[in-house]
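Student: Starting from these lines, generate the structure:
(chains A and B)
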Number of protein chains: 2
Amino acid sequence: MRIYISEVSPRDGFQNEKVFIESEQKIAFINQLSQCGYHKIEVTSFTSPKAIPALKDAEYVMHNIHRHPDVIYSALVPNLRGAERALSCQVDEINLVMSCSEAHNQSNLRMSREQSQEQLKAIIQAVNQQCQINLSLSTAFGCPMQGDVPFLDVINLAKYFADLGVTKITLCDTTGMAYPSQVKALFQEIQTAITGIEWTAHFHNTRGLALANTLAALESNITHFDASLGGIGGCPYAPGASGNTSTEDLVHMLELMHLETGIHLEKIMATSRQLPTLIGHPTDSQIIKAGPRLTLHPAPVQ
Amino acid sequence: MRIYISEVSPRDGFQNEKVFIESEQKIAFINQLSQCGYHKIEVTSFTSPKAIPALKDAEYVMHNIHRHPDVIYSALVPNLRGAERALSCQVDEINLVMSCSEAHNQSNLRMSREQSQEQLKAIIQAVNQQCQINLSLSTAFGCPMQGDVPFLDVINLAKYFADLGVTKITLCDTTGMAYPSQVKALFQEIQTAITGIEWTAHFHNTRGLALANTLAALESNITHFDASLGGIGGCPYAPGASGNTSTEDLVHMLELMHLETGIHLEKIMATSRQLPTLIGHPTDSQIIKAGPRLTLHPAPVQ
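Tutor: As a prediction, the model looks like this:
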């Protein structure tokens, strides 16, 4: 079975770092990613430079990377102005975002879910098939302010956008609240309720469950996953907690299970090893620390 | 479904720490564990004090803990002398150990697998049902020196001991080489080949797969798991890598899935929070860092 991995470290990772990563460093990093076999790379976010200064160079980065013909280059877009900026850079895909919970949408986007729905609808109509569109639904597995999020809220939101013609939807475990039986059940229910969608799972390892949740999603026939090299990408609600699913740990597991990702593990590990220099701190990748499974060792001296 | 957890931090954890944990501290720690709802606690190891000075107080600790009537108090035993010492302390269970791979058995126990089999057979006969016996088979999912370990080697070893009357066998992923599809397949094959055994899974999180492998074992109807608070218990082959499955992370996942462990999560978290003081460094538990799933947070100030 083929699994499709989208690398989100240049956006979800870098935007959460305290240091500003220089544009040329970002470009070099993304150019390396383009040689690793990814299905998709989330390059940046066309958000207000004041809100997220870490990604204030969105246009420059988008214009100056070398694009590999087999890779989808995506960018996060929070509003109509962002969509125009993204289109001016010829992104392959715009990644729209809103939250499944009212509290998180208010906190993160400063508007009601209803307002977000209206705004994203306007973007979808304005884009008018000039590029692909993906919708990321945050807090689909739980909200750090509200707690549990009813499946029906997630399904109804997804249905609203499916009816507008959106065919790619990501369910995001924004702060690591998903657990395996829930993941399996939600993906089963939503696929039954809405057909014709390419579903992606976006997990965080906040509570150590990213790979277990991946297994659960695989059992519900999910084949598209977001991940971030080194597991970078923070969770502002749990200082010290892990971030996104680590791409190298994910690819390592999938390839052992004979699920083909198309990704070259050694190449992404080499790229991941550059992160501590770029971001100024070590990452959470277990594979970077321990090496792949068949890293053999001599017997210890006794 | 009921899941049975054995806490191995006092043995597998403490023996890998650089500091000597005072006997009274060990006793207080184990007494707390006894109040948390565990099925079993691996208290210590009756090994040579020269080989493992960290556990040189095995008799003293075993004699001075307060035993809860519902908990099985187990101790690791590597040889006949150790078995005699363990029996003199009225342990409930002796945990015998050998490796599935020749290279690891030679390195860890300084004898061939054949010699180990003979020696453990002599112990089983000497114990003669004075206490329960569990057999732990190391490197069942891979050997850090040899690489892959054939399923048949694991099954044949388990069969040898089953024929000697052993009814409890633990398959140990000693250095974190297990992966989900392998875990599922091995447990399915071994349960088909040998019946009448209470099987336990012992995973390490070296490569981030402890909870994913737990899911895979659950799918093969495994209900007994070893785990260690804070994930302590080292892997000498991968400096900086994670140790055992973290008990609090495991219980957190299982309870969310409505699998009853009988364990009080808040109590084990309180016990786990004492570990950094005892062992002199932070632990790898994600739940200690992030809190359980429904730990809610106010919206960040913007």
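
Student: can you confirm residue A:43 is in a strand?
Tutor: Yes - assigned with DSSP: H, G, I helix; E, B strand; the rest coil, residue A:43 falls within a strand.

Student: packing partners for the helix or strand encompassing residue A:226?
Tutor: Under the criterion of DSSP states H and E, residue A:226 resides in strand A:224-227. Identification of packing neighbours for strand A:224-227 by 3 or more Cβ pairs under 8 Å, 6 or more residues apart in numbering or on different chains; DSSP states H and E yields strand A:4-7, strand A:168-172, strand A:198-202, helix A:247-256. (C-beta placed from N, C-alpha, C; glycine too.)

Student: What strands flank that strand, and is each parallel or antiparallel?
Tutor: Looking at strand A:224-227 with DSSP bridges, its partner strands are strand A:4-7 (parallel), strand A:198-202 (parallel).

Student: Would you tell me which of those strands gets closest to residue A:252?
Tutor: Residue A:252 lies closest, by Cβ to Cβ, to one member of those: strand A:4-7, at 12.0 Å.

Student: before we move on, the earlier item: could you redo the strands paired with strand A:224-227 as JSON lines and give each row distance to residue B:196 and mean pLDDT?
Tutor: Converted to JSON lines, the strands paired with strand A:224-227 look like this (distance: least, Cβ to Cβ, whole Å; pLDDT from 0 to 100):
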{"stretch": "strand A:4-7", "distance to residue B:196": "43", "mean pLDDT": "98"}
{"stretch": "strand A:198-202", "distance to residue B:196": "40", "mean pLDDT": "98"}
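
Student: With mean neighbour count as added columns, please give the ones you listed in a markdown table.
Tutor: A markdown table is the format used below for the strands paired with strand A:224-227 (neighbours: other Cβ atoms under 10 Å in any protein chain shown):
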| stretch | mean neighbour count |
| --- | --- |
| strand A:4-7 | 24 |
| strand A:198-202 | 23 |
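
Student: Out of those, flag the one nearest residue B:272.
Tutor: Residue B:272 lies closest, by Cβ to Cβ, to one member of the strands paired with strand A:224-227: strand A:198-202, at 28.9 Å.

Student: where in chain A is pLDDT low?
Tutor: In the predicted model of chain A, residues A:235-240, A:300-302 satisfy pLDDT under 70.

Student: give me that answer again for 80
Tutor: Applying pLDDT under 80 to chain A flags residues A:234-241, A:298-302.

Student: Would you map the strands across it?
Tutor: Using DSSP state E, the strands found in chain A span residues A:4-7, A:40-45, A:72-77, A:93-99, A:132-138, A:168-172, A:198-202, A:224-227.

Student: so what's residue A:80 up against?
Tutor: Contacts for residue A:80 (Cβ atoms under 8 Å, 6 or more residues apart in numbering or on different chains) come out as A:119, A:122, A:123, A:126.

Student: The residue lying closest to residue A:176 once chain neighbours are set aside - how many residues pack around it?
Tutor: Distances taken as Cβ to Cβ, 6 or more residues apart in numbering or on different chains place residue A:206 nearest to residue A:176, at 2.4 Å, with adjacent residues excluded. Residues lying near residue A:206 (other Cβ atoms under 10 Å in any protein chain shown) number 28.

Student: Now do the same contact list for residue A:267.
Tutor: The contact partners of residue A:267, by Cβ under 8 Å, 6+ apart, come to A:32, A:35, A:36, A:37.

Student: distance of it from residue A:205?
Tutor: Per Cβ to Cβ, to the nearest Å, residue A:267 is found 22 Å from residue A:205.

Student: Out of the contacts of residue A:267, which end up buried?
Tutor: Neighbour-count burial (16 or more other Cβ atoms under 10 Å in any protein chain shown) applied to these gives A:36, A:37.
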